[in-house]
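sequence first, predicted coordinates after that:
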Amino acid sequence: MTTLSPNPSEAPLASETQIRRAPKVLLHDHLDGGLRPATIVELAAAQGYERLPETDPERLREWFREAADSGSLVRYLETFTHTCAVMQSREALARVAAECVEDLAADGVVYAEVRYAPEQHLEGGLSLEEVVEAVNEGFREGERRAAAEGRRIRVGALLTAMRHAARALEIAELANRYRDLGVVGFDIAGAEAGFPPTRHLDAFEFLKRENNHFTIHAGEAFGLPSIWQALQWCGADRLGHGVRIIDDIQVAEDGSVKLGRLAAYVRDKRIPLELCPTSNLQTGAAASYAEHPIGLLRRLRFRATVNTDNRLMSATSMTGEFTHLVRTFRYTLDDLQWFTVNAMKSAFIPFDERLAMINDVIKPGYAALRSEWLFSHPVGVPS
Ligand SMILES: O=c1[nH]cnc2c1ncn2[C@H]1C[C@H](O)[C@@H](CO)O1
Ligand SMILES: [Zn+2]
């Protein structure tokens, strides 16, 4: 039995400008879900791709948001046809990757793991290796451009295999080959219902034998069995979404909470949940921000993290996600720091680097923001 206690902090809510300036960590962001609309239009024109639903960037931006707002993961995923269509050459991949890093850095993200499925970028004749190298080159270029603007960001790649396809072992081997060369882990994504993670056991067993890291999209469009398989059959280090773990948590009228065996395991083992609130609203996994399980999961101190999933389809950013949560749950900078430290602890880079990011970047960044109120009024005048 666990008792819920209200957030004891009396600190003021984080303002939107503070949220943007706060150091943020992003573990779940799809490269093909975050293109700039103007870039899609330009790449489509240059490549002769004529099936874009709109050719005006602003109208295209709105089309993606609306089309993804369907209440169904399968329909949400259909919109990726257009983004993947324009990401089939070395130049296009490198450009999209560089712009992704610039956009994240401008949003105050200091560390990100960005994922994509190499098998979806072979139509222009590139090999799997060439795809990975083009994206890595773009990520490094983006980091350089951000640094030139005075922004610090580090980005690692996660290689995704599509769960309806049969290339997971090949992609896992690819992730392993490019380990220490910009790739920090592996993932599976795509329609969840009907495609359980155990279909790809060989890939996960290979990665475990190699002491490599992986996350699995689980518990988004399908419930507890998917999470259970991802953890207990496949050995996932993190859960992509995992939001349906809420189905194993009972809250009684007196506010007391009872965790089922799986929810208790997830919390006890500190399994990171890559929560993506806005994406969940669009695919029907949650009805509103207020009803999103992140509120309860944060109070119960699950290893909850906040993520964008697809910045284009969900018309969001890390600042956007944090802002929705601050408005809904009255979160303070302390809460945002808690989510950020959770995310950094859960990253797939080495422990000493994670620790340095937490102690030397994240905590000082939030401390500086927390101290701002001190300087907002003259000495001797009550605030
Ligand atoms: O939220 C998601 N759930 C499952 N699959 C997803 C989600 N967002 C994006 N994808 C798919 C579509 C992309 O083409 C692919 C690789 O990034 O991953
Ligand atoms: Zn995702």
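Everything's here; your move. As the structure is a computational prediction, the values presented were derived from the model and not from experiment. Ligands and ions are numbered 1, 2, ... in the order given.

the chain: strands as residue ranges?
Taking DSSP state E, the strands of the chain run over residues 2-3, 24-30, 109-116, 154-162, 183-189, 215-218, 238-241, 249-251, 256-259, 273-275, 304-306.

okay, now the sheet partners of the longest one, with direction.
Yep, that's strand 154-162 we're talking about. Each strand paired with strand 154-162, and its direction, by DSSP bridges: strand 109-116 (parallel), strand 183-189 (parallel).

out of the ones you listed, nearest to ligand 1?
Among the strands paired with strand 154-162, the nearest to ligand 1 by CB to the nearest ligand atom is strand 183-189 (3.5 Å). Backbone N, C-alpha and C define where each C-beta goes, glycine included.

I'd like the average pLDDT over the closest one.
Regarding strand 183-189, the rounded mean pLDDT is 98.

can you tell if that strand touches ligand 1?
Yes - applying CB under 6 Å from any ligand atom, one finds strand 183-189 in contact with ligand 1 at Ala189.

between that strand and strand 24-30, how many degrees?
50 degrees (axes from the mean of the first three to the mean of the last three CA atoms, to 10 degrees).

residue contacts, Asn307?
26-29, 274-276, 318, 321, 343 (CB atoms under 8 Å, 6 or more residues apart in numbering).

tell me the residues on the stretch 101-250 of the chain that lie near ligand 1, please.
115-117, 120, 160, 189-190, 217, 220.

and Ala286, what does it touch?
So Ala286 contacts 243, 277, 280, 292-293 (CB under 8 Å, 6+ apart).

check Cys100 too.
Residues in contact with Cys100 (CB under 8 Å, 6+ apart) are 29, 31, 34-35, 114, 138-139, 142, 155.

which non-adjacent residue is nearest Ile249?
Leaving aside its sequence neighbours, Ile249 sits nearest to Ala263 (CB to CB, 6 or more residues apart in numbering; 5.0 Å).

isn't that neighbour right up against Val251?
No - Ala263 lies out of contact with Val251 (CB atoms under 8 Å); the separation is 11.7 Å.

which one's more surrounded, these two?
Ala263 (22 against 14; other CB atoms under 10 Å).

and that one, how far from Ile216?
17 Å (CB to CB, to the nearest Å).

dump the strands paired with strand 154-162 to CSV, plus mean neighbour count.
Listed next are the strands paired with strand 154-162 as CSV, based on neighbours: other CB atoms under 10 Å:
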stretch, mean neighbour count
strand 109-116, 26
strand 183-189, 25
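
please consider this matter closed, and thank you.
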